[in-house]
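Novice: After the sequence you'll find the predicted model.
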Amino acid sequence: MDFTYFKNQINAIKNNDLGGTTSQFKLVPEIRIKISEETIKKNNPRKAAVLCLFYPDSEGKTVFLLTKRASYKGTHSAQISFPGGKADEEDKTFADTALRELEEEVGVDRNSVQLIRQISDTYIPPSNFMVTPFIGYLNKKPNYVTNKEVAEIIEVQLDDLLDDSKISSVELDTSYMKKIAVPCFLLNEQVVWGATAMILSEIKDLIKES
């Protein structure tokens, strides 16, 4: 998608109804759907925020940023994700959290980002986080400077996200499910699943509706 065309859709993206769990649950295994809102509330999840950042590539096509997490002894080691993280006391809003984490992880000046909107919260069972996602954009490609949390920058064509043939399924073991077929996106030869796929599914529906 041409970036000029994408920018022309921003007003619709801001104002169209969100898909919520209807969109998110297209990219989750059945076991995840069975986790009730009551159970989530009882778990008292920690708060976090992430940012899906759009910008033009060198040919003027719309791309968005994903990162591959560094390997570490933790739940989300080496997974594909958005820039983001847990809320700090210094953050006045969840948008502040998402923008601060973007700057810390990949070196993008938080003040350079134009926020489009907040989308539906996404619960992550293994780490017990409730994530608030945001969509934003830049008018030009940033110069990334990554910190130790990021192993790789991944720039994905928006057209690939909108392409239904990029949806697949893989068999995975996680902390709360074993050998289960998990819906995923195949983007840039990477398997994108879990909360990141849920968020992308809602963004995909939102942009298609626009």
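Specialist: Structure's in. What do you need? Residues are numbered from 1 along each chain as shown.
Novice: Give the residue farthest from the middle of this structure.
Specialist: Lys42 (24.7 Å; C-alpha atoms, centre = their mean).
Novice: Which secondary structure element is home to it?
Specialist: Lys42 belongs to helix 37-43 when assigned by DSSP states H and E.
Novice: After that helix, which helix or strand is next? Please name it.
Specialist: Criterion used, DSSP H and E; the element after helix 37-43 is strand 46-56.
Novice: Show me what the helix or strand following that following strand is packed against.
Specialist: Next along the chain after strand 46-56, taking DSSP H and E as the criterion, comes strand 62-69. Counting contacts by 3 or more C-beta pairs under 8 Å, 6 or more residues apart in numbering; DSSP states H and E, strand 62-69 is packed against helix 3-8, strand 46-56, strand 80-81, helix 94-106, strand 150-157, helix 158-162, strand 190-192. Where C-beta positions appear, they are placed from N, C-alpha and C, glycine not excepted.
Novice: Contacts made by strand 62-69 with the rest, please.
Specialist: By C-beta atoms under 8 Å, 6 or more residues apart in numbering, the residues outside strand 62-69 that reach it are 1-3, 5-6, 52-57, 76-83, 105-106, 146, 149-159, 161, 187-188, 190, 192, 196.
Novice: ok, now stretch 85-99?
Specialist: Under C-beta under 8 Å, 6+ apart, the answer for stretch 85-99 is 46-51, 83-84, 100-101, 104-105, 110, 113, 115, 118, 129, 132-134, 136.
Novice: Which among the residues you listed count as buried?
Specialist: Neighbour-count burial (16 or more other C-beta atoms under 10 Å) applied to the contacts of stretch 85-99 gives 48-51, 83-84, 100-101, 104-105, 110, 113, 118, 129, 132-134, 136.
Novice: Find the residue ranges of this structure scoring beneath the pLDDT cut-off.
Specialist: 72-77, 174-177 (pLDDT under 70).
Novice: if we can go back for a sec, make a ChimeraX selection of the buried ones in the contacts of strand 62-69.
Specialist: Buried members of the contacts of strand 62-69, defined by 16+ other C-beta under 10 Å, are picked up in ChimeraX with:
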select :1,3,6,52,53,54,55,56,76,79,80,81,82,83,105,106,146,149,150,154,156,157,158,161,187,190,192,196
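Novice: Nothing else from me, thank you.
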